[in-house]
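In: let's see this in three dimensions:
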Amino acid sequence: MVDADQDYVKAIRAALVDDIASVEAVTSISSAVTRLQGNGHRLVIIDSSLGGDPTAVDLVRALRRTRPEVAIIMTSSTHLTATQVASCFEAGADEFIRKPFHPQEFAARVRAVSRRVRRSMAASSASTGERELRATA
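Out: The predicted structure is shown next:
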């Protein structure tokens, strides 16, 4: 999770306690870039209002390019225009959730995104396997 607001970090941890084994949190995009270089992350939650270079949208683009199997949810407590929200999705975000949110709804959205990503990866893997079988036959 990439969010500078520790109250939201606590709220997200509490909301996901039954769904996710552990939640790692960093407070800046640059820290996230370093932390996400390792494998094992299946879900990344990014506050789109975090500034810096790279930006939150840059991080989403990089993750989508290098780790297509990772589910990406963006959040924001600031008002974003429809164009700004659309840029999050166009960069590769799977979901956008405005703060404040209800913990139960947040957890349900995380589960829904996780299911979609798992199904998509399974379908992609099956398709790749079929192509490999045809190539060797």
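
In: would you map the strands across the protein?
Out: Remark: strands assigned in the chain by DSSP state E are 43-47, 71-76, 95-98.

In: can you redo those strands as JSON lines with mean neighbour count and distance to Arg116?
Out: C-beta coordinates here come from the backbone N, C-alpha and C atoms, glycine included. Below are these laid out as JSON lines (neighbours: other Cβ atoms under 10 Å; distance: least, Cβ to Cβ, whole Å):
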{"stretch": "strand 43-47", "mean neighbour count": "21", "distance to Arg116": "12"}
{"stretch": "strand 71-76", "mean neighbour count": "23", "distance to Arg116": "8"}
{"stretch": "strand 95-98", "mean neighbour count": "16", "distance to Arg116": "9"}
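
In: can I get those in CSV including mean pLDDT and distance to Thr83?
Out: Listed next are the strands of the chain as CSV, based on pLDDT from 0 to 100; distance: least, Cβ to Cβ, whole Å:
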stretch, mean pLDDT, distance to Thr83
strand 43-47, 95, 18
strand 71-76, 96, 14
strand 95-98, 96, 13
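
In: out of those strands, which comes closest to Asp3?
Out: strand 43-47 (4.3 Å; Cβ to Cβ).

In: now the closest one against strand 71-76, angle please.
Out: 20 degrees (axes from the mean of the first three to the mean of the last three Cα atoms, to 10 degrees).

In: look up how far Leu59 lies from the residue positioned nearest the centre of the chain.
Out: The centroid of the chain falls nearest to Ile72 when counting by Cα atoms, centre = their mean (1.6 Å). For Ile72, the distance to Leu59 equals 9 Å [Cβ to Cβ, to the nearest Å].

In: which residues do these two both contact?
Out: Common contacts of Ile72 and Leu59 (Cβ atoms under 8 Å, 6 or more residues apart in numbering): Ile46.

In: and the strands of the chain as JSON lines, adding distance to Arg13?
Out: Output for those, formatted as JSON lines (distance: least, Cβ to Cβ, whole Å):
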{"stretch": "strand 43-47", "distance to Arg13": "11"}
{"stretch": "strand 71-76", "distance to Arg13": "14"}
{"stretch": "strand 95-98", "distance to Arg13": "15"}
